[in-house]
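[1] With the input below, show me the fold.
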Amino acid sequence: MPVSLPPALDLSLDLLRCPTCRTRRLHHDRGALRCPVGHTFDIARHGYAGLLTGTCATSGDDAAMVQGRARFLSAGIYAPIREVGARLAADAVSERGTVVDVGCGTGYYLTGVLDHLPGTRGLGLDTSVRALRTAARAHDRAAAVAWDVFRPFPLADAAADVVLDVFAPRNPAEFHRILRPTGRLIVVRPTGRHLAELRGQVSAMLTIDPAKEQRLHRALNTFFEVAVTEQVEYSTLLTRTDALDLLAMTPSARHVNRADLNDGRVLPDQVTVSVLATAYQPR
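    This is a model prediction of the structure:
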């Protein structure tokens with residue numbers, strides 16, 4: 001039975017372009033998205049559009065990671081990070097703007113922006129089918145599309161007022177292409193103090209490269225200049241479940257054996273959350 005076009009996807013359909021043709025628009029036809037020459041892409045019954053074909057550079061979060069992420073984020077521990085993203089986005093979005101969340105995960109940060117901007121629509125991109133199932137239903141104005149950030153995006157030129165990138169990989173050239181000249185790129189990334197207590201207890205966790213900031217700005221400098229940077233840093237209490245879920249949702253999840261952590265190993269009951277959030281304007 002053909003899948004109907006989800007309302008949020010219908011709201012953002014004009015943004016999408018055929019990933020094979022690159023320039024042709026997609027339309028809804030008998031439960032799928034098609035371009036004028038016949039390239040066809042499924043709409044999953046969970047509500048997201050599957051535009052990604054072939055192999056991709058990242059595998060995306062698996063079921064356990066997504067479940068951990070959803071539990072952790074629902075506890076509100078990262079709410080200040082979501083709030084700073086929404087505030088920076090509000091400075092760039094018109095009354096009826098468009099926000100593209102790259103590496104959207106479950107849609108937590110995109111939902112925060114859309115709640116803050118009631119006339120705005122959102123589109124989330126991610127490689128994780130498990131995460132997209134949640135993202136597609138996270139907000140009535142948020143559509144979700146399976147896509148790999150390292151490929152040219154299946155989106156029109158100058159389609160977005162805001163590109164949101166929270167703890168996600170980056171594609172500066174594509175960010176610049178899909179942003180309007182007056183738009184903003186918002187990048188949120190950890191500082192060296194982020195989760196230091198947890199990293200001190202779990203040796204398998206990935207360290208944060210001290211040259212990360214220099215590499216970030218070097219990569220973006222050709223296309224963007226800094227408009228404003230805000231630091232969000234606070235200490236927060238964690239239950240053991242919170243700590244395990246936090247580990248499950250970080251890039252370290254594939255390096256940490258969760259079974260080893262269930263043997264009674266001491267985990268911190270308090271950690272430092274420390275991130276930088278920068279709004280960049282296109283050059």
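[2] CA atoms for contacts and neighbours, from now on please.
    Noted.
[3] what sits against residue 140?
    7, 8 (Cα atoms under 8 Å, 6 or more residues apart in numbering).
[4] what are the ranges of the helices in the chain?
    Using DSSP state H, the helices of the chain run over 7-11, 63-74, 79-90, 108-116, 129-135, 172-178, 196-201, 212-220, 240-249, 258-261.
[5] What sits closest to residue 172 if chain neighbours are left out?
    Distances taken as Cα to Cα, 6 or more residues apart in numbering place residue 220 nearest to residue 172, at 5.8 Å, with adjacent residues excluded.
[6] Distance check, the one you found against residue 226.
    Here the criterion is Cα to Cα, to the nearest Å. By it, residue 220 lies 9 Å from residue 226.
[7] Residues that sit against both of these two, list them.
    By Cα under 8 Å, 6+ apart, no residue touches both residue 220 and residue 226.
[8] related to what we said a few turns ago, same list (the helices of the chain) but as a markdown table, adding mean neighbour count and distance to residue 99.
    Below are those laid out as a markdown table (neighbours: other Cα atoms under 10 Å; distance: least, Cα to Cα, whole Å):
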| stretch | mean neighbour count | distance to residue 99 |
| --- | --- | --- |
| helix 7-11 | 19 | 12 |
| helix 63-74 | 18 | 20 |
| helix 79-90 | 20 | 8 |
| helix 108-116 | 22 | 8 |
| helix 129-135 | 24 | 14 |
| helix 172-178 | 20 | 11 |
| helix 196-201 | 16 | 32 |
| helix 212-220 | 13 | 19 |
| helix 240-249 | 20 | 23 |
| helix 258-261 | 11 | 35 |
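[9] Quick one: closest of those helices to residue 186.
    helix 79-90 (7.1 Å; Cα to Cα).
[10] between that closest one and helix 63-74, how many degrees?
    Helix 79-90 runs at 80 degrees relative to helix 63-74, counting by axes from the mean of the first three to the mean of the last three Cα atoms, to 10 degrees.
[11] ok and helix 79-90 relative to helix 108-116, angle-wise?
    Using the same axes, to 10 degrees: helix 79-90 against helix 108-116 is 60 degrees.
[12] so what secondary structure elements neighbour helix 79-90?
    Packing partners of helix 79-90 (3 or more Cα pairs under 8 Å, 6 or more residues apart in numbering; DSSP states H and E): helix 108-116, strand 179-190, strand 224-237, strand 270-282.
[13] Provide the strand pairings for the longest one, with the direction of each partner.
    This means strand 224-237. strand 270-282 (antiparallel) (DSSP bridges).
[14] What's the mean pLDDT across the partner strand?
    Averaging the model's pLDDT scores along strand 270-282 yields 97.
[15] Give the buried residues for that strand.
    271, 272, 273, 274, 275, 276, 277, 278, 279, 280, 281, 282 (16 or more other Cα atoms under 10 Å).
[16] I figured residue 100 hits residue 162, correct?
    Yes: Residue 100 is within contact range of residue 162, at 6.3 Å (criterion: Cα atoms under 8 Å).
[17] From residue 173, how far out is the residue nearest to residue 172?
    Applying Cα to Cα to residue 220 and residue 173 gives a distance of 8 Å.
[18] ok, now residue 218?
    For residue 218 relative to residue 173 (Cα to Cα), the value is 13 Å.
[19] Same check on residue 143?
    23 Å.
[20] swap in residue 136?
    In terms of Cα to Cα, residue 136 sits 26 Å off from residue 173.
[21] got any ranges where the stretch 51-200 of the chain has weak pLDDT?
    Within the stretch 51-200 of the chain, the segments meeting pLDDT under 70 span 55-60.
[22] now do 90
    53-68, 91-96, 199-200 (pLDDT under 90).
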